[in-house]
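**Q** Attaching a predicted model along with its sequence, questions to come.
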Amino acid sequence: MIETRGLVHRYGDATALSGVSLTVPDGEFLVLAGANGSGKTTLVRHFNGLLSPDDGEVLVDGTPVSEDLVATRTRVGMVFQTPRDCFVAATVGADVAFGPENLGLDRAEIDRRVDDALAAVGMAGRRDDRIDELSGGEQERVAIAGALAMEPDHLVLDEPFTGLDEPARRSVLERLEALHDGGTSVVVVTHDLRGVGALADRIVALSDGEIAADAPPDGAAAALSGLDVRVPW
């Protein structure tokens with residue numbers, strides 16, 4: 001479970017998050033919606049300690065993030081908005097192996113995790129492919145595989161559909177649905193609910209650093225009105 005309690009974050013004199021309290025239960029598919037600048041990315045960067053609160057608290061599985069960053073980052077896998085900026089190796093296999101290698105695992109366990117993660121995103125047998133020769137959708141799937149290789153309980157994706165064409169978008173959505181069906185909790189940050197809204201157990205919207213809506217998908221349309229979120233239904 002991921003939990004924030006009265007979370008406040010400021011950038012200088014600007015308040016990005018203002019007392020946000022949110023719980024993401026194990027196994028939930030949560031869509032975190034909102035316009036650009038609403039605080040979505042700032043919020044999820046607290047989930048694995050990339051940012052520290054100015055006030056309030058963040059806990060993962062009952063433990064404050066600040067007490068054990070290594071454990072937190074093992075439990076919470078993060079996929080960033082522009083995955084190509086985060087790749088650390090030239091080939092698919094080497095990049096996906098990077099996280100497990102930094103955990104100090106033996107080679108056999110690293111290889112198992114890489115194979116399992118690539119299979120989960122439909123890229124089995126492509127360890128030797130060069131990342132710079134992949135399509136945008138394939139790069140997104142490699143980024144997800146890199147997070148999965150850490151075997152997290154929670155997978156957080158920040159605007160994972162940016163720049164993807166419709167077939168690539170559908171491919172990523174199918175992988176997220178399969179991961180959720182397998183028991184992984186999924187948090188998707190987006191301003192566009194096409195496709196992903198139908199997969200969600202719950203939609204939470206931010207506006208000006210505060211929770212403006214919290215509803216199941218079938219009750220979210222009215223709650224999201226006026227929040228500059230693309231609602232396809």
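**A** The structure has been received and is ready for your questions.
**Q** in a helix, that's where T162 is, yeah?
**A** No: counting by DSSP: H, G, I helix; E, B strand; the rest coil, T162 is not part of a helix but coil.
**Q** quick one, what contacts it?
**A** Shown in contact with T162 (Cβ atoms under 8 Å, 6 or more residues apart in numbering): 81-82. Placement of C-beta: from N, CA and C, glycine included.
**Q** Give the buried residues for stretch 206-226.
**A** 206-207, 209, 211-213, 215, 217, 220-221, 223-224 (16 or more other Cβ atoms under 10 Å).
**Q** I misspoke; the intended subject was stretch 33-41.
**A** 33-34, 38-41.
**Q** Which of these fall within strands?
**A** Those of those mapping onto strands are A33, per DSSP state E.
**Q** Out of the buried residues of stretch 33-41, the closest to P152 would be?
**A** Among those, T41 lies closest to P152 (Cβ to Cβ), at 18.4 Å.
**Q** so who does that closest one touch?
**A** Here T41 is in contact with 81, 158-159, 189 (Cβ under 8 Å, 6+ apart).
**Q** Also T15?
**A** Residues in contact with T15 (Cβ under 8 Å, 6+ apart) are 8-9, 209.
**Q** Show me what the longest helix seen in the chain is packed against.
**A** In terms of residue count, the longest helix belonging to the chain (DSSP state H) is helix 166-181. Applying 3 or more Cβ pairs under 8 Å, 6 or more residues apart in numbering; DSSP states H and E, we find helix 166-181 packed against helix 107-120, helix 136-148, strand 154-158, strand 185-190.
**Q** Can you list the neighbours in contact with it?
**A** Here helix 166-181 makes contact (Cβ under 8 Å, 6+ apart) with 27, 29, 120-122, 135-138, 140-141, 144, 148, 155, 157, 160-161, 164, 186, 188, 194-196, 199.
**Q** From the chain's centre, how far out is it? Work that out for me.
**A** 13 Å (Cα atoms, centre = their mean, to the nearest Å).
**Q** got it, and stretch 22-40?
**A** How far stretch 22-40 lies from its chain's middle: 9 Å, per Cα atoms, centre = their mean.
**Q** Quick one: mean pLDDT over it.
**A** Average pLDDT, stretch 22-40: 93.
**Q** Fine by me, we can end here.
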